[in-house]
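[1] coordinates only, sequence not included:
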């Protein structure tokens, strides 16, 4: 009886390892570093963040995107502690050139909604502390290139903009709607 149970356990283990796998979503994590540009306030300042997402049925998927831009408005001497945070939920449409597994490319477009939080805690130029968390949208395009089943690189360009005028920045001679571009590159793990 003991041999029978051992044989059954061994057979079950072998069958589960050799059985074809069930199709599942193509998911990824993408830590990135980038540069903000295209704004009257900020050009060339760094940012970093992470994207987490997945593609179902090959070409359509979703992702959550988080970005952090320290010293977005300028140096800490001039603007104090100043940052921009963005958190977006995006729809992503991409075509897997070379398939969904192994080496290949996936050019994509993305768009979504979320929030942008701006913060300035005073400095020598502006002795004021302001912060806003505004609803925002973003649109972008890029490409994911995979070296194998699990590791690759991702390059991305996005435009981010809030929906409404940002009243608290009137003190800084800022004309309302807050927007900027961001280019990023990072590792992608699926």
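    Arrived safely, thanks for sending. Remember, it's a predicted structure, so these values are computed and weren't measured experimentally.
[2] And residue 81, how close does it get to residue 70?
    Going from residue 81 to residue 70 by C-beta to C-beta, to the nearest Å gives 9 Å. (Glycine included, C-beta is placed from N, CA and C.)
[3] Could you do residue 83 as well?
    In terms of C-beta to C-beta, residue 83 sits 5 Å off from residue 70.
[4] which of those two has more neighbours?
    Shown here are residue 83 and residue 70; by other C-beta atoms under 10 Å, residue 83 has more neighbours (18 against 14).
[5] who touches that one in this structure?
    When contacts are counted by C-beta atoms under 8 Å, 6 or more residues apart in numbering, residue 83 touches 68, 69, 70, 71, 72, 117, 118, 119.
[6] Ignoring the adjacent residues along the chain, who's closest to residue 137?
    residue 113 (5.4 Å; C-beta to C-beta, 6 or more residues apart in numbering).
[7] Oops, could you answer that again for residue 152 instead?
    Per C-beta to C-beta, 6+ apart, closest to residue 152 is residue 146, 3.6 Å.
[8] And residue 34, by the same measure?
    Closest to residue 34 by C-beta to C-beta, 6+ apart is residue 184, at 3.1 Å.
[9] How many residues are close by the one you found?
    For residue 184, using other C-beta under 10 Å, the count is 23.
[10] Beta-bridge partners for it, please?
    Beta-bridge pairing of residue 184 under DSSP bridges involves residue 34, residue 156.
[11] so it makes contact with residue 160?
    No: between residue 184 and residue 160 there is no contact under C-beta atoms under 8 Å: 11.6 Å.
[12] follow-up on the earlier one: which member of the contacts of residue 83 is positioned nearest residue 133?
    residue 117 (4.5 Å; C-beta to C-beta).
[13] Could you give the average pLDDT over the helix or strand harbouring the closest one?
    Here residue 117 is covered by strand 104-121, with elements defined by DSSP states H and E. Strand 104-121 shows a mean pLDDT of 92.
[14] Check stretch 39-51 too.
    The model assigns stretch 39-51 a mean pLDDT of 83.
[15] how long is that stretch end to end?
    End-to-end distance for stretch 39-51: 23 Å, by C-alpha to C-alpha, to the nearest Å.
[16] angle of the next helix or strand after the strand holding residue 117 against strand 104-121?
    As assigned by DSSP H and E, the chain's next helix or strand after strand 104-121 is strand 129-146. Here strand 129-146 runs at an angle of 170 degrees relative to strand 104-121 (axes from the mean of the first three to the mean of the last three C-alpha atoms, to 10 degrees).
[17] Can you report how many residues neighbour the closest residue in space to residue 28 that isn't next to it in sequence?
    Excluding the flanking residues, the one nearest residue 28 by C-beta to C-beta, 6+ apart is residue 190, at 4.2 Å. For residue 190, the count of nearby residues is 20 (other C-beta under 10 Å).
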